[in-house]
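S.K.: got a sequence here, can you model it:
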Amino acid sequence: MSNLDALHKNEFHRKLLLDNLNKIFGDFDDTILGEIEDQLVWIELDGGKTIIREGEAGDSLYFVLSGRLVATKKDSEGVEQRIGDIGRGETVGEMAIFTGEPRYATVTAIRDSVLVQLPKVLFEKVIREYSEVALNVTKLIIDRIKKNNKPHKRNIINICFLPIHATIDHKQLIKSLYDYCSRGMKICYVNKELLIKNEFHLDQEGEEGRKDGSKKLIKWLNDLELEYEFMFFECDAEPSFWNDKFLRQADHIVLLADATQSHQITQIEKNLDSMENVNFSIALVHPADTQIPVKTIDWLNERPQVSSHFHFRQMNEKDLQRMGRILTGKATGLVLAGGGAKGFAHIGVMRALSEYQIPVDYLGGTSVGSMMAAAIAFDRPPAVLEETIYKATLYKPSADLSLLPLISLVKGLNIKRMVNFTIKELSGRKDVDLVDTWIPMYIVASNYTRSDESVFFRGNMAKALLASSSIPGVFPPVIIDGELYVDGGTFNNFPADIMRSIEMNKVIGIDFMMEKNHKLTLDEMPSNNQVFRSKLLGKKDQKYSLPGIGSIIINSTLMYSNARRHESIAYLDLHFNPDVAKFGMTAWTDFHKIVEKGYQHAKQVLEKMSKEELTKFQNPL
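M.R.: Got it, this is the predicted structure:
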């Protein structure tokens, strides 16, 4: 560690520090900063060094200006467990000096980092002399306690692109990503040419000169990091000194792979085994005319450290821009709720989103919402999508009633045909995995065996869709890996919480529940014979207006999910709720009417938005 006296004179650093102080103290203006600035300690922390140890007394808090740190805590057996990452713009160790308790966790630099230390005595002085900031500190403590059990969001700054095959034009791909993302963000594009231009010729120096040059390079990169929102690092397709330095700076490593090559681990990847505290993803580059990705699961199974994937068709601007938005945290997710035939309204809403040029980067759904999400994920033109799903409805999935309903009222053969037809028509293949789609997606089902909610990001698409849509008592359950699954709506009919946990910048949701309570004037339920005789009179003269057995079974399975609806809506940035209440859950023949209802509703919602609001969805960067 060393004191960096000159560093605090940089105005960008000063502003970042002031932003951090505002998070702790509230209205912490430039005047107050001027009074304490000389007492702050600027620290350069080498990668692998520890700044805080679990159980020690808390005598300082730290502001992270660049780099990345990891927090770990010992479990009951004394084994260190990772509990979160700390990146630029975050604070470290404040809870101990807030509460006076020992350090909760050990904090270590993952890579070379720059921090500013605020000693406890200085903290107490600010509280004492500026009493108005004490209230903000109290609020911050309460907020931190509330968030203790919530997942920690990773603050990704440095993205390193590593080509694992020499057969792709990785330079053009990275440059195109940079050109798109830099339209709305300040991004530094770092490659070997830039370093040479700035006189870093480390390959040509002796051992001592190399060490000195390496230190200067890291310092230079850290200074650059302080001035940009993101750093894009371009690696070589072969192992090199430059690659090692770039990878050492990475928060996120994107493996660039030629999808036409073998999925086996390449030589250049074998050098990454020791990198445990870095996010990994893989971008599979496909020929421009590829209809659908295949065997993506083989690539992922070979690389267990990879947590996400992208599919990119050569020369396809939409794929490239989607990848850029997801990588930089600017992506938009679309959540589609269940609702039987009402779910055709999803297609109408999607048509309106397409007309308004609102991109969708991630899809998630339950029941019929999962079916619509899967269809959309194949990225076919809206007209083709709509026509295909209309043809699929001709199978009438609820029409094949079981003569001996021991497991379900419906045999389930028609819904299988409907699902298989849709997948084959849109992908050209019968057997498709959930990871074989251009737009990434997830499906929610209910695990009957374990009595919990299951989220599928991978696996056989047809089986997952049937599992998500198997309304208990209506359709037969689905067996996956020896466990029984039923309709996802039993637990989560509107899975916006899952989309938000994927760290989407914007979340759009579509559901069909209308909060209308129809109070009955009856004191007792009529008999089956009374209801039957009433129905023979025609709608106008019917004495009883009651839900049928099918509606009662279906809606009863959704009661828990419906109770969570307001919680789901709270996760949304844009909500569509088309009124399709007059259509039944099995109104397959009303396909076009329901689609149009969704389309007209979406247009009304979008037309009412201000130009500024709309632009945030159309141009998320």
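
S.K.: residue contacts, the residue nearest the centre of the chain?
M.R.: Central residue of the chain (C-alpha atoms, centre = their mean): Ile502, 2.2 Å from the mean position. Ile502 makes contacts with 333, 362, as judged by C-beta atoms under 8 Å, 6 or more residues apart in numbering. Backbone N, C-alpha and C define where each C-beta goes, glycine included.

S.K.: quick one: low-confidence residue ranges for the stretch 101-250 of the chain.
M.R.: 130-154, 202-213 (pLDDT under 70).

S.K.: can you do 50?
M.R.: Within the stretch 101-250 of the chain, the stretches with pLDDT under 50 are 148-152.

S.K.: quick one: the strands in it?
M.R.: Remark: strands assigned in the stretch 101-250 of the chain by DSSP state E, counting those that start in this stretch are 106-119, 158-163, 187-190, 230-234.

S.K.: looking at it, Gly473 is touching Leu409, isn't it?
M.R.: Yes: shown here, Gly473 and Leu409 form a contact pair, counting by C-beta atoms under 8 Å, at 6.4 Å.

S.K.: which of these two has more residues huddled nearby?
M.R.: The residue with more neighbours, out of Gly473 and Leu409, is Gly473; 21 against 17, by other C-beta atoms under 10 Å.

S.K.: separation between the residue nearest to Ala602 when sequence neighbours are not counted and Gly598?
M.R.: Leaving aside its sequence neighbours, Ala602 sits nearest to Ala352 (C-beta to C-beta, 6 or more residues apart in numbering; 3.5 Å). Applying C-beta to C-beta, to the nearest Å, the value for Ala352 to Gly598 is 8 Å.

S.K.: same check, this time on Ser354
M.R.: Per C-beta to C-beta, Ser354 is found 13 Å from Gly598.

S.K.: please apply the same query to Asn447.
M.R.: Distance from Asn447 to Gly598, by C-beta to C-beta: 30 Å.

S.K.: neighbour count winner among Ala352 and Gly598?
M.R.: Set side by side, Ala352 and Gly598 show more neighbours around Gly598, with 26 against 21, by other C-beta under 10 Å.

S.K.: isn't there a strand covering that one?
M.R.: No: assigned with DSSP: H, G, I helix; E, B strand; the rest coil, Gly598 falls outside any strand and is helix.

S.K.: since we're on Asp436, how many residues are nearby?
M.R.: Applying other C-beta under 10 Å, we find 20 residues neighbouring Asp436.

S.K.: to Lys330, which of the strands of the stretch 101-250 of the chain lies closest?
M.R.: Smallest distance to Lys330 across the strands of the stretch 101-250 of the chain (C-beta to C-beta): 10.5 Å, for strand 230-234.

S.K.: orientation of the closest one relative to strand 158-163 in degrees?
M.R.: Strand 230-234 and strand 158-163 are oriented at 20 degrees to each other (axes from the mean of the first three to the mean of the last three C-alpha atoms, to 10 degrees).

S.K.: list the contacts of strand 230-234.
M.R.: Contacts for strand 230-234 (C-beta under 8 Å, 6+ apart): 156-161, 170-171, 174, 177-178, 181, 185-192, 221, 224-225, 246-247, 249-250, 328.
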